[in-house]
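Undergrad: okay, predicted coordinates and the sequence, questions at the end:
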Amino acid sequence: MPTDLIDTADEILEALRDGQRVEDRVFDRLLPMPLRKASYQYWTSVRVATRVGAWLRDGGARRVLDVGSGPGKLCVVGAITARIEFVGLEHRAHLVEAARHLATTFGVQHRVKFIQGDLEAFPDHDAFDALYLYNPFGENLFLPNDHLDDTVEISRARFHREIRRLETILMTLRPGTQVVTHNGFGGRFPGSYTLERSERAGVNPLRLWRQGERPSPDDQYWDEGAEALRDGDITEPY
């Protein structure tokens with residue numbers, strides 16, 4: 001069915017299950033109006049969510065944690081197309097409410113769960129075999145007028161605090177855990193991680209990492225801007 005003729009959640013659901021491309025302007029009609037307006041800047045696109053779900057499923061993931069899940073687009077689209085379980089971690093209460101409503105709208109609430117909190121509320125590390133990071137702390141570096149809202153703390157101090165926490169978490173994840181970064185996450189990967197896939201999603205890098213043996217604290221790190229990730233390692237846009 002042509003995208004312009006898709007009007008309902010059932011039609012979007014059918015299109016996604018059939019592998020058809022669904023435009024964000026169509027999918028986003030199911031979000032509250034203020035969240036639609038923020039979609040281009042803040043939420044993972046349907047196309048990228050479909051790609052990420054396929055990467056993680058094909059890599060053996062069965063339970064994925066999305067850090068900074070917003071209104072749940074990545075989790076819901078991934079649950080529909082990859083048919084694996086997603087958990088979204090989001091610190092804004094109204095976004096958690098919107099995400100839960102979105103999951104119910106598409107009937108995937110049995111494969112999607114949303115938790116309100118930040119990395120201090122990070123669940124048991126070994127309960128997940130994959131993480132998704134869409135530059136989850138970048139808003140802390142934006143000018144005030146570019147913030148999504150003022151319902152939570154947004155500051156450079158928080159940016160650095162969350163980066164340190166996430167770097168520690170990455171070090172402790174069990175071998176074989178996959179991590180997908182979309183436009184990076186602002187920090188460094190322990191040297192035990194291997195970069196398995198790298199593409200452009202529009203103008204942003206989309207990368208799949210996998211944890212090897214857990215490193216020691218003095219191990220080397222991979223910086224996403226370092227030589228290992230020079231442009232020659234990134235394939236053409238999909």
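TA: Yes, it's here.
Undergrad: so Asp126 touches Arg174, yeah?
TA: Yes: using C-beta atoms under 8 Å, Asp126 is in contact with Arg174, at 5.6 Å. In short, each C-beta sits where N, CA and C put it, glycine included.
Undergrad: each with direction, which strands does the helix or strand hosting Leu195 pair with?
TA: Per DSSP states H and E: Leu195 is located in strand 193-201. When pairs are called by DSSP bridges, strand 193-201 turns out to pair with strand 204-211 (antiparallel).
Undergrad: show the subsequent helix or strand relative to the strand it pairs with.
TA: Following strand 204-211 in sequence, per DSSP H and E, is strand 221-223.
Undergrad: for that following strand, the distance to its chain's centre please.
TA: Averaging C-alpha positions (C-alpha atoms, centre = their mean, to the nearest Å) puts strand 221-223 20 Å from its chain's average.
Undergrad: tell me the mean pLDDT over it?
TA: Strand 221-223 shows a mean pLDDT of 73.
Undergrad: that strand pairs with which strands?
TA: strand 188-190 (antiparallel).
Undergrad: any residues touching the partner strand, and which ones?
TA: Strand 188-190 has contacts (C-beta atoms under 8 Å, 6 or more residues apart in numbering) with Glu167, Leu170, Met171, Val179, Trp209, Gln211, Pro215, Asp219, Tyr221, Trp222, Asp223, Glu224.
Undergrad: same question for stretch 140-158.
TA: For stretch 140-158, the surrounding residues in contact (C-beta under 8 Å, 6+ apart) are Ala38, Gln41, Tyr42, His91, Arg92, Ala93, His94, Phe137, Glu139, Phe159, Glu162.
Undergrad: quick check: the farthest pair among these?
TA: Maximum pairwise distance in these, criterion C-beta to C-beta, is 21.7 Å, between His94 and Phe159.
Undergrad: pick out the residue closest to the middle of the chain.
TA: Geometric centre of the chain, nearest residue: Tyr132, 3.9 Å, by C-alpha atoms, centre = their mean.
Undergrad: then the helix or strand harbouring it to PDB, C-alphas only?
TA: Tyr132 is located in strand 130-133, with elements delineated by DSSP H and E. Provided in PDB are the C-alpha atoms of strand 130-133 (Å, rounded to 0.1, in the frame of the first residue of the first chain):
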ATOM      1  CA  ALA A 130      22.100  -5.800  23.400                       C
ATOM      2  CA  LEU A 131      22.000  -2.100  24.000                       C
ATOM      3  CA  TYR A 132      20.900   0.800  21.700                       C
ATOM      4  CA  LEU A 133      22.400   4.300  22.100                       C
END
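Undergrad: ok, now how distant is the nearest residue in space to Phe128 that is not next to it in sequence from Leu30?
TA: Using C-beta to C-beta, 6 or more residues apart in numbering and skipping the chain neighbours, the partner closest in space to Phe128 is Leu65 (4.6 Å). Leu65 is 23 Å from Leu30, where distance means C-beta to C-beta, to the nearest Å.
Undergrad: the two: which is more packed in?
TA: Leu65 (24 against 19; other C-beta atoms under 10 Å).
Undergrad: my read: the more buried one touches Asp129, true?
TA: No: taking contacts as C-beta under 8 Å, Leu65 lies outside contact range of Asp129: 9.4 Å.
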